[in-house]
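In: Need the 3D shape of this:
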Amino acid sequence: MDWDTLHFFELQKDALPLYEALEARILDEIPDVRIKVQKSQISFYNRHLFGCVSFLRVKKKKEMPPCYIVVTVGLAQKLESPRVAVATEPYPGRWTHHIVVSAPDQIDDQLMDWLKEAAAFSAQK
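Out: Residues are numbered from 1 along each chain as shown. Predicted structure coming up:
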């Protein structure tokens, strides 16, 4: 784990294992991924940005779990899933989805399928 990533989780140390599990699966299952740690998010790129992790509050504070990460993916269509906390269409044909992950078992095949789809969508641009 590099210093920038550790620093990103400095105030949310309990969420670091969630991120580590997600990052491991992304690097294992999606080819040619670059990771960029920024102040407010950790971004995943292939040719372009396809996903990120943040602490965005996508629900009311009382509805958010005490320990979480928000996984954001960009897709060509809107996902119809109760797992998606917020979906917006910033421009035609691109949907941004925010998914709250609060337990390791939520980093499952469905989430990875969405990330793989987002990587493929991003690579087409």
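
In: rest of the way, CA atoms for contacts and neighbours
Out: Will do.

In: Output the contacting helices and strands for the helix or strand hosting residue 113.
Out: Assessed by DSSP states H and E, residue 113 sits inside helix 109-123. With contacts taken as 3 or more CA pairs under 8 Å, 6 or more residues apart in numbering; DSSP states H and E, helix 109-123 sits against helix 16-29, strand 49-54, strand 69-75.

In: Name the surrounding residues that touch it.
Out: Here helix 109-123 makes contact (CA atoms under 8 Å, 6 or more residues apart in numbering) with 25-26, 30, 45-51, 73-76.

In: any low-confidence regions in the chain?
Out: In the predicted model of the chain, no residue satisfies pLDDT under 70.

In: Pick out the residue nearest the middle of it.
Out: Centroid-nearest residue in the chain, with CA atoms, centre = their mean: residue 71, separated by 2.3 Å.

In: Identify the residues contacting that residue.
Out: Counted by CA under 8 Å, 6+ apart, residue 71 has contacts 51, 52, 53, 54, 98, 99, 100, 101.

In: My guess is residue 95 contacts residue 89. True?
Out: Yes: between residue 95 and residue 89 there is a contact under CA atoms under 8 Å: 4.5 Å.

In: higher neighbour count, these two?
Out: Remark: of residue 95 and residue 89, residue 95 carries more neighbours, 18 against 15, as counted by other CA atoms under 10 Å.

In: could you give the angle of whichever strand or helix holds the more buried one to strand 69-75?
Out: In the assignment (DSSP H and E), residue 95 maps to strand 94-101. Between strand 94-101 and strand 69-75, the angle comes out at 160 degrees (axes from the mean of the first three to the mean of the last three CA atoms, to 10 degrees).
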